[in-house]
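Student: Fold the following and give me the result.
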Amino acid sequence: MSNIYIGYHFTINPVELGSEILIAELGEKAFESFIETETGVSAFVQKDLWSENILEDIQILENPEFKIDYTFEEIEQVNWNEEWEKNFEPIDVDGKCHVRAPFHEKTNAEFDIVIEPKMSFGTGHHETTHMMIQHLLETDLVGKKTLDMGCGTAILAILAEMKGAQPIDAIDIDNWCYLNSIENAERNNCKHISVYEGDASLLVDKKYDIIIANINRNILLNDMQQYLDCLNENGILFLSGFYTEDIPVISESCTSKGLTYVKQFERNNWVALKFVK
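Tutor: Numbers count the residues shown, from 1 in each chain. Purely as a prediction, here's the structure:
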């Protein structure tokens, strides 16, 4: 694996919504790490996977509702801890769940999650992770067999274990996420999380009471039947990683397969839906 990266530094206005949309789009490319800053976001891609036209299909760059400028540079041996320490703020979800890095002070939150963050997806800054945490905080997970699909940094799997879920499978197709999830599960003394590198093809013959899938619209639609096939009767499916305008097509995919809509959270045009079987 190359130690040389190309780092893009984006200045975005309006910054909050623009950053979330840009990260979601860049996540479809070869970019593997993101750092949110006060003025936008920095994104990193291995030089071996970089090309001059890597931003060609990024739609938000052409959207007149956002003003986005950027510079890029070649970086050797990125020190993620140092970068995150400069930019990463602890996340508080409803006063009940605190997500922080090791260099942040512990709070009195009921659920204290410590992660060594290597990328933005899953750190909780991203609206979808925040909402999925909200869903899990409301849910009785004791003894529930749980799947965290597209686990990122494994925050949701870790919270599930803290709330009594077991056993838990955490799956991500990205090697960095796979390795980081193992590290973070160990860091939080989790005993019931198994981390796998791969996609929905790993779900054959699996059964779960709770499925958490925070990915993106297209992958969710493509893999929905596989989620349904391994969801137990009366099981719960949490979905996020898409926008408000995607709700009809996501809901149709779920209800047409026999699921019942329960509720949703919305934050800055992102949504997280809850269905039961």
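Student: What segments of the stretch 101-250 of the chain are strands?
Tutor: 111-114, 146-149, 168-172, 193-197, 208-214, 231-243 (DSSP state E, counting those that start in this stretch).
Student: Each with direction, which strands does the last one pair with?
Tutor: Strand 231-243 pairs in its sheet with strand 208-214 (parallel), strand 270-276 (antiparallel), by DSSP bridges.
Student: for the first one, what is the average pLDDT?
Tutor: Averaging the model's pLDDT scores along strand 208-214 yields 97.
Student: quick one: contacts of it?
Tutor: With contact meaning C-beta atoms under 8 Å, 6 or more residues apart in numbering, strand 208-214 is reached by 122, 128-129, 132, 136, 139, 141, 144-150, 152, 156-157, 160, 165, 169, 220, 223, 227, 230-232, 234-241, 272. Yep, even glycine has a C-beta here, placed from its N, CA and C like the rest.
Student: Mark which of those residues are buried, thanks.
Tutor: Among the contacts of strand 208-214, those buried by neighbour count (16 or more other C-beta atoms under 10 Å) are 122, 128-129, 132, 136, 139, 141, 144-150, 152, 156-157, 160, 165, 169, 220, 223, 227, 230-231, 235-241, 272.
Student: so where does residue 72 fall, helix or strand?
Tutor: strand 67-76 (DSSP states H and E).
Student: now what about that strand, what contacts it?
Tutor: By C-beta under 8 Å, 6+ apart, the residues outside strand 67-76 that reach it are 3-13, 18, 22, 40, 44, 47, 60-61.
Student: Please could you give me each C-alpha atom of stretch 231-244, formatted as PDB?
Tutor: C-alpha atoms of stretch 231-244 as PDB (Å, rounded to 0.1, in the frame of the first residue of the first chain):
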ATOM      1  CA  LEU A 231     -33.700 -10.500   9.200                       C
ATOM      2  CA  ASN A 232     -35.600 -12.500  11.800                       C
ATOM      3  CA  GLU A 233     -39.400 -12.200  12.200                       C
ATOM      4  CA  ASN A 234     -40.200  -9.100  14.200                       C
ATOM      5  CA  GLY A 235     -36.700  -7.900  13.500                       C
ATOM      6  CA  ILE A 236     -35.700  -4.200  13.100                       C
ATOM      7  CA  LEU A 237     -34.000  -2.700  10.100                       C
ATOM      8  CA  PHE A 238     -32.300   0.700  10.400                       C
ATOM      9  CA  LEU A 239     -31.300   2.400   7.200                       C
ATOM     10  CA  SER A 240     -29.400   5.600   6.500                       C
ATOM     11  CA  GLY A 241     -26.900   7.200   4.200                       C
ATOM     12  CA  PHE A 242     -29.300   9.000   1.800                       C
ATOM     13  CA  TYR A 243     -31.300  12.200   1.500                       C
ATOM     14  CA  THR A 244     -34.900  13.200   2.300                       C
END
